[in-house]
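# Okay, sequence plus prediction incoming.
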Amino acid sequence: MNQVQSSFHTSLSEELKWRGFFAENTITDPRSLDSRPHKNFYWGTDPSADSLHVGHLAALMMCACFVRHGYTPFYLVGGATGQIGDPKETAERDLKSLDEIAKNKAALAAQIVHVTHSPKDTKILDNLDWFKDIKFLPFLREIGKAFSMTQLLDRQFVQHRIGKDGSGISYAEFSYTLIQGYDFLHLFRTHQIDLQLCGADQYGNCTSGMHLIRRLENARADVYSCPLILDQSGKKLSKSEGNAVWLDPTKTNVFDFYQYWLNQPDAVLESYLKQFTLISPTELDDLLTKHTKDPSKRLAQRYLAYAVTEFVHSQPDADLARKLTSLLFESTDLANDLTSLTDAELDAMTATLPSTPAKTTLIDALLSTQLATSKNDAKKLIAAGAISINGTKATTDQAIDTLSLLKKGKNKFAIVR
RNA sequence: GCUGGAGUCGUCUAGUGGCUAUGACAGCAGACUGUAAAUCUGCCGGAUUAAGUUCCAUCGUUGGUUCGAGUCCAACCUCCAGCACCA
């Protein structure tokens, strides 16, 4: 699978529709996207963590879709907006230190470049570059004047935060949308960017920029959002929900990343394949037909896991994850298979899975590979029958002196070597 | 500034001065499965022990009253509401 084969759609609007990349937007006729005078857009995120997660991935895949159809992307990492924090429904955010923001910013920028697969062309912007020189009074006179307090107060999260049962909101967070709105205006003025892409949760913030452009530049700009991807329990996939799967392999290793996709239920396969891979309609039909014949073979999950891992990480990484999966789940004599691996293969495995040196005990190994969070936790897991060594259930703590494979639950592994 | 209300686990939430701080969701694990979903069961602060053995921590913070405090008192921090000030 590559990008050439995947541009089967005659137009951007058709592909967006087929992939399900449409939610609230200001475009009245989707086909106008195929022939905009300026084929520029920007998409932004705040450096509130040191890695993107799969929640961002859907938006990036949508961006990639625009790029395949001739758009020039601008990615913004919010060094300014990140200093304030996008208000949540529930409560005020803790301020991040400037050091942390700077560190996160660098990490996200590198990741965006990596995931978009075009190191030379990818333009990363930082709104701190234009905000650091902004003066408060001119900002209020120009931007503040353009916002109606009534509309600002009407926003749903504001209503949640103030009032009898609210948790309150600071002036800083309240003003967040002005900062983000100004970004759009600034980019319109300096780069002729008149389209902003975002996840549906950001739609409100994005439209405030659009209003600014209309008001101050007397020009039209648009916002196009993609639906938020929800997990099984209907929660948004993002780190604030505590179920994040990170794109950074040091935070979510490649094997776990692959496993995450491999474990998706049948119900989400079609939409995930459309949004997270570059599969074509005919390939998809074919795949789903085969999958439905014998769902237990998990053909569609395997395809999804391989394709997304390849896209986000690399082909060798995806190959390795697939190979590890077949070794770890399909081997009938794990201890034997393990010893027959070459050193190079073992090295790759050790680099991917959590590992710890031999001459240790089971509990210490579980702890140092983070399969368990504490000694108590490790003991509880052993007692519950959740831990196995080389495929044999461990019922007590024991010394581990040789190459071994630890398994926690169904799909968490670590190597003792 | 004054008055009243509130702050409990990742989230929401119960909690008449009494020993062991509810319940739900999320999370983890077991059974059944297809490494799925649904369902059932257990766990869900840390350390220690052969052991569910023992120890420590914990209801915004710091003090106090009490044999005993999440609960009562005081001060402080944060939030909400009303009033006042300002306009």
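Nice, I can see it. Numbers count the residues shown, from 1 in each chain, chains lettered A, B, ... in the order given.
# make it CA atoms for all contacts and neighbour counts henceforth
Noted.
# helix or strand for A:Ile43, which one?
Quick fix: residue A:43 reads Trp, not Ile. strand A:40-45 (DSSP states H and E).
# What average pLDDT does the helix or strand that comes right after that strand get?
Following strand A:40-45 in sequence order, the next helix or strand is helix A:54-68 (DSSP H and E). Here helix A:54-68 scores 92 as its mean pLDDT.
# From the contact counts, what lies against the longest helix seen in chain A?
Longest helix in chain A by number of residues, with DSSP state H as the criterion: helix A:98-116. With contacts defined as 3 or more C-alpha pairs under 8 Å, 6 or more residues apart in numbering; DSSP states H and E, helix A:98-116 has these neighbours: strand A:72-77, helix A:81-84, helix A:299-312.
# With distance to A:Ala344 added, can I get those in a markdown table?
Putting those into a markdown table (distance: least, C-alpha to C-alpha, whole Å) gives the following:
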| stretch | distance to A:Ala344 |
| --- | --- |
| strand A:72-77 | 38 |
| helix A:81-84 | 42 |
| helix A:299-312 | 21 |
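# Nearest to RNA strand B, out of the ones you listed?
helix A:299-312 (7.1 Å; C-alpha to the nearest atom of the strand).
# if we can go back for a sec, name the residues of the longest helix of chain A that are buried.
The neighbour-count check on helix A:98-116 (16 or more other C-alpha atoms under 10 Å) flags A:101-102, A:104-105, A:107-109, A:111-116 as buried.
# For the stretch 201-350 of chain A, give me the ranges with low pLDDT.
For the stretch 201-350 of chain A, the stretches flagged by pLDDT under 70 are A:230-243.
# ok, which stretches of it are helices?
A:203-217, A:254-262, A:266-276, A:281-293, A:299-312, A:315-330, A:334-339, A:343-352 (DSSP state H, counting those that start in this stretch).
# Quick one: work out the angle between the third one and helix A:54-68.
For the pair helix A:266-276 and helix A:54-68, the angle between their directions (axes from the mean of the first three to the mean of the last three C-alpha atoms, to 10 degrees) equals 40 degrees.
# Quick check: phi and psi on A:Gln196?
phi -120, psi 130 (degrees, to the nearest 10).
# Distance-wise, check it relative to A:Phe184.
Remark: distance between A:Gln196 and A:Phe184 (C-alpha to C-alpha, to the nearest Å) = 8 Å.
# Could you do A:Trp261 as well?
34 Å.
# which one of those two has more residues nearby?
A:Phe184 (28 against 20; other C-alpha atoms under 10 Å).
# Verify the stated contact: A:Asp401 with A:Ala365.
No. Judged on C-alpha atoms under 8 Å, A:Asp401 makes no contact with A:Ala365 at a distance of 11.1 Å.
# Those two: which has the busier surroundings?
Taking other C-alpha under 10 Å, A:Asp401 and A:Ala365 do not tie; A:Ala365 has more neighbours (25 against 13).
# Which positions in stretch A:297-305 come out as buried?
For stretch A:297-305, using 16+ other C-alpha under 10 Å, the buried residues are A:Arg298, A:Leu299, A:Ala300, A:Gln301, A:Arg302, A:Tyr303, A:Leu304, A:Ala305.
# Which single residue in the stretch 201-350 of chain A comes nearest to RNA strand B?
For the stretch 201-350 of chain A, C-alpha to the nearest atom of the strand, closest residue to RNA strand B: A:Pro265, 2.7 Å.
# what about that residue, how many neighbours?
Counted with other C-alpha under 10 Å, A:Pro265 comes out at 11.
# State the distance from it to A:Arg298.
Distance from A:Pro265 to A:Arg298, by C-alpha to C-alpha: 10 Å.
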